[in-house]
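Student: can't give you the sequence, but here's the structure:
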């Protein structure tokens, strides 16, 4: 139950004689904690996971100075590969979960607000249990998820494997990580869109995901949610940055989660609860209420809030705008279909 903010302290704690029985969650960002308002609440929930058991460590690194000097020239998106490669060789670590700063682990939640006092403490699943829940064979050492095509509404280029949340089993995963490191491009940034050739998740998806037998990639809808919906999944990953995906819904999700927690449970994640309270205050302002009314008058807004999809030419779309862009038809023509 240790929160560590230094790679050196983590090494002293976990790379020494003893049983391989520690589980670790890692987060890294080259920006400082104060840069984004959602960094603190996401980290707070990961710290609550860490404090709920004796054999858990949360390694939270922010800013380039938190890394070894030898890694100063490594691109930010590739730092995770080097971090995991280093930690997978530590003698006391059994499982590692990588979580981006816009991702977190989800505790056990009550089914409804009426039974929110079911748990006195925040309770989380062990990484060991989560790993083998999704692993597809006894030799698997890497578990991640493939991005859902239904939620593919990002402006940037994304590929099926999403490197925002995944689990590795130590030390077996070190072979995968060693191979992954070899695809770091010599020229940075690479030519092309974000997430394309040269980026860590594209290289993994192209050269490792389907080539190695000990990699298990499952469907996103069974692994990590990325909307404000509170579901019984083990992870949340708010990738993207538009109205229906990403950072804009973090506050809504935090608010809904806190509504299902007792006062005793909220004490385990004060920054998370504070972020939810700030969202509630903003959502009750005149400007926010006017925006809600405007969205309700808009058919696309109603469709997005309800989760209803448009089916056209054998594909599903979350809005008329998306369907019109894909098909080339006008909105009036689509409404007649």
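Tutor: Structure received. Quick caveat: nothing in here was measured; it's all calculated off a predicted structure. Numbers count the residues shown, from 1 in each chain.
Student: which stretches of the chain have low pLDDT?
Tutor: Along the chain, the parts satisfying pLDDT under 70 run over 110-119, 148-159, 241-246, 288, 292, 295-310, 313, 318-321, 331-332, 334-337.
Student: quick one: the helices in it?
Tutor: 7-14, 39-51, 79-87, 127-134, 174-181, 200-207, 250-259, 263-266, 270-283, 286-297, 299-306, 320-327, 331-336 (DSSP state H).
Student: out of the ones you listed, nearest to residue 168?
Tutor: Residue 168 lies closest to helix 79-87 among these, at 6.3 Å (Cβ to Cβ). No exception for glycine: its C-beta is placed from N, CA and C like everyone else's.
Student: hang on, the earlier thing: pipe the helices of the chain into JSON lines and attach mean neighbour count and distance to residue 21 per row.
Tutor: As requested, these are exported to JSON lines (neighbours: other Cβ atoms under 10 Å; distance: least, Cβ to Cβ, whole Å):
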{"stretch": "helix 7-14", "mean neighbour count": "16", "distance to residue 21": "10"}
{"stretch": "helix 39-51", "mean neighbour count": "22", "distance to residue 21": "15"}
{"stretch": "helix 79-87", "mean neighbour count": "21", "distance to residue 21": "15"}
{"stretch": "helix 127-134", "mean neighbour count": "17", "distance to residue 21": "9"}
{"stretch": "helix 174-181", "mean neighbour count": "18", "distance to residue 21": "18"}
{"stretch": "helix 200-207", "mean neighbour count": "20", "distance to residue 21": "28"}
{"stretch": "helix 250-259", "mean neighbour count": "20", "distance to residue 21": "29"}
{"stretch": "helix 263-266", "mean neighbour count": "16", "distance to residue 21": "26"}
{"stretch": "helix 270-283", "mean neighbour count": "17", "distance to residue 21": "27"}
{"stretch": "helix 286-297", "mean neighbour count": "10", "distance to residue 21": "47"}
{"stretch": "helix 299-306", "mean neighbour count": "14", "distance to residue 21": "45"}
{"stretch": "helix 320-327", "mean neighbour count": "16", "distance to residue 21": "48"}
{"stretch": "helix 331-336", "mean neighbour count": "11", "distance to residue 21": "57"}
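Student: Which of those sits closest to residue 28?
Tutor: Taking the helices of the chain one by one with Cβ to Cβ, helix 79-87 is closest: 5.7 Å.
Student: what residues does the closest one touch?
Tutor: For helix 79-87, the surrounding residues in contact (Cβ atoms under 8 Å, 6 or more residues apart in numbering) are 7, 10, 14, 24, 26, 28, 30, 59, 61, 67, 71, 74, 93, 96, 98, 163, 168, 170, 173-174, 177-178, 180-181, 184, 200.
Student: same deal with stretch 51-69?
Tutor: Here stretch 51-69 makes contact (Cβ under 8 Å, 6+ apart) with 1-7, 10, 13-14, 21-33, 39, 43, 46-47, 49-50, 72, 74, 79, 83, 87, 121-124, 126, 268.
Student: what about the nearest residue to residue 227 once chain neighbours are set aside, neighbour count?
Tutor: Of all residues not flanking residue 227 in the chain, residue 249 sits nearest, at 6.1 Å (Cβ to Cβ, 6 or more residues apart in numbering). Applying other Cβ atoms under 10 Å, we find 19 residues neighbouring residue 249.
Student: what about residue 249, distance to residue 130?
Tutor: Residue 249 sits 23 Å away from residue 130, going by Cβ to Cβ, to the nearest Å.
Student: Residue 79 too?
Tutor: Look at residue 79 and residue 130: by Cβ to Cβ, they are 24 Å apart.
Student: Over to residue 286?
Tutor: According to Cβ to Cβ, residue 286 stands 43 Å off from residue 130.
Student: Then residue 228?
Tutor: Using Cβ to Cβ, residue 228 is found at 22 Å from residue 130.
Student: show me the contacts for the nearest residue to residue 124 once chain neighbours are set aside.
Tutor: Nearest-residue entry for residue 124: residue 49, 4.6 Å, with adjacent residues in sequence omitted and distances by Cβ to Cβ, 6+ apart. Residues near residue 49 by Cβ under 8 Å, 6+ apart: 25, 56, 58, 105, 107, 122, 124.
Student: ok, now with 10 Å
Tutor: Counting by Cβ atoms under 10 Å, 6 or more residues apart in numbering, residue 49 touches 1, 23, 25, 56, 58, 97, 99, 104-107, 122-127, 268-269.
Student: out of those, which are buried?
Tutor: 23, 25, 56, 58, 97, 99, 104-107, 122-124, 126-127, 268-269 (16 or more other Cβ atoms under 10 Å).
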